[in-house]
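Participant: Sequence and predicted structure are below.
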Amino acid sequence: MAGRRRGLAGHQFQDRLVLQPLSAWSAGAAAPVEAPPVDPRIDSVDPDPVHVYTTTGVFTAKLTVTDSSGKTDSKSTVITVGNTAPTVKITVPVEGGTFAFGDSIPFSVTVTDPEDGVVDCARVHVTFVLGHDTHGHAEEDVAGCTGVLHTVADDASHGGNVFGVVSATYTDRGDGSVPALTTTEQVQIRQQKQEVEFVLEQSGTNTSSTVDVGGGLQRGSLGNGDWLLLNGPFNLIAVDSLTFRVSGGTAATGVAGAVELHLDAVDGPLHGTFNVAATASATTYASQTFPLTDPGGLHKLYLVFRSLTGGPTNNFFNLNWVEFGGQGISAP
Ligand SMILES: [Ca+2]
Ligand SMILES: [Ca+2]
């Protein structure tokens, strides 16, 4: 490689930290070296070296490449020998489960750590975080492997993509020269009532002011094949109904339009079709509730709009919000 500079951009150490107390690292890629080691600080010039640490502690492994003109580039990584990070798993609530702000959310967390053995649940912290678009606000913090998080009813008034985050954290005990390691696991949970003006993905619809109770915005211009993706994904455990808050349609026939619920894609499995009835006028709102079953598991939920005989051929109805009914993941 004489005359050609070899940079380290993108180079990754392959941390083979598996066994305690012995651990190893590998540079992981061929890097031809022309000079033998002359510096006692250099452990290896092998292009794919392996080093075994025989004592516990925190070490920095450094890789340096020198080209034929003497230019060098280095990259280092910190290796903790003698400790492995704990594993934190939130078993309750399920990812994507539904709740309403003001509800209490039961939780259950399983923590394992190879060095700590039996984990002291008093050292496990579970926090409810208000997820708001791309950031979060931490609210209640509870210590324990099981318990209940209380949410704040007023949080429902936040606009935008608002959801809940249950965050569980455990810091292990470390040991002497070995520092403690922390693991955090999170699940996102979804509001049962979804203001559809805040969907992040849709096709063919628009938003306008609503004169419905509570004000704000609604979605309209619903035509055949138009769709919106509810801000999820969702797990519909303990959900048994879906309510649409609507106005408009053809009052003379009583027909507005149909909503198809597709799983995971606009043309994904059809999980339900809901025929929305017309209201007396575009400014008269009604809540229309339909039975819904839990398909099981975590899914993206697409609402696809279809025309119905006797209804409008476009602008089927206005949709202010949708709401899932049932206990969801909240405490009774
Ligand atoms: Ca550990
Ligand atoms: Ca709305």
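Facilitator: It's in. Ligands and ions are numbered 1, 2, ... in the order given.

Participant: quick one: low-confidence ranges for the stretch 1-150 of the chain?
Facilitator: 1-40 (pLDDT under 70).

Participant: which residues of it fall in strands?
Facilitator: Counting by DSSP state E, counting those that start in this stretch, the stretch 1-150 of the chain has these strands, from start to end: 14-15, 23-26, 50-53, 57-66, 72-81, 87-92, 98-99, 104-112, 124-132, 135-143, 146-150.

Participant: Can you report how many residues lie near the closest residue to residue 306 other than its chain neighbours?
Facilitator: Across the structure, with C-beta to C-beta, 6 or more residues apart in numbering as the measure, the residue nearest residue 306 apart from its sequence neighbours is residue 258 (4.2 Å). All C-beta atoms are positioned from the backbone trio N, CA, C, and that covers glycine. Residue 258 has 17 neighbours, counted by other C-beta atoms under 10 Å.

Participant: My reading is that residue 258 lies in a strand. Confirm?
Facilitator: Yes: secondary structure of residue 258, determined by DSSP: H, G, I helix; E, B strand; the rest coil: located in a strand.

Participant: Could you export the strands of the stretch 1-150 of the chain as a markdown table, including mean neighbour count and distance to ligand 2?
Facilitator: Compiled in a markdown table, the strands of the stretch 1-150 of the chain are given as follows (neighbours: other C-beta atoms under 10 Å; distance: least, C-beta to the ion, whole Å):
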| stretch | mean neighbour count | distance to ligand 2 |
| --- | --- | --- |
| strand 14-15 | 15 | 49 |
| strand 23-26 | 19 | 54 |
| strand 50-53 | 14 | 59 |
| strand 57-66 | 15 | 53 |
| strand 72-81 | 15 | 49 |
| strand 87-92 | 16 | 30 |
| strand 98-99 | 26 | 18 |
| strand 104-112 | 18 | 24 |
| strand 124-132 | 20 | 17 |
| strand 135-143 | 14 | 22 |
| strand 146-150 | 17 | 26 |
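
Participant: give me the element the residue nearest the centre of the chain is part of.
Facilitator: The geometric centre of the chain, computed from its C-alpha atoms, lies nearest to residue 188 (C-alpha atoms, centre = their mean), at 5.4 Å. Applying DSSP states H and E as the criterion places residue 188 in strand 182-191.

Participant: Identify each buried residue in that strand, please.
Facilitator: 183, 185, 186, 187, 188, 189, 190, 191 (16 or more other C-beta atoms under 10 Å).

Participant: Kindly reformat those as a markdown table containing pLDDT and distance to ligand 1.
Facilitator: Putting the buried residues of strand 182-191 into a markdown table (pLDDT from 0 to 100; distance: C-beta to the ion, whole Å) gives the following:
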| residue | pLDDT | distance to ligand 1 |
| --- | --- | --- |
| 183 | 97 | 9 |
| 185 | 98 | 15 |
| 186 | 97 | 20 |
| 187 | 98 | 23 |
| 188 | 98 | 27 |
| 189 | 98 | 29 |
| 190 | 98 | 33 |
| 191 | 98 | 36 |
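
Participant: Show me which pair in those is furthest apart.
Facilitator: When C-beta to C-beta is used, the two most widely separated members of the buried residues of strand 182-191 are 183 and 191, lying 27.6 Å apart.

Participant: related to what we said a few turns ago, hang on, isn't the residue nearest to the centre of the chain packed against residue 131?
Facilitator: Yes: under the criterion of C-beta atoms under 8 Å, residue 188 lies in contact with residue 131, with a separation of 6.3 Å.

Participant: Spell out which residues are contacts of both of these two.
Facilitator: Counting by C-beta atoms under 8 Å, 6 or more residues apart in numbering, the residues touching both residue 188 and residue 131 are 163, 164, 165.

Participant: is it possible to export those to TSV including pLDDT and distance to residue 304?
Facilitator: Shown next, in TSV, are the shared contacts of residue 188 and residue 131 (pLDDT from 0 to 100; distance: C-beta to C-beta, whole Å):
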residue	pLDDT	distance to residue 304
163	96	23
164	96	27
165	97	29
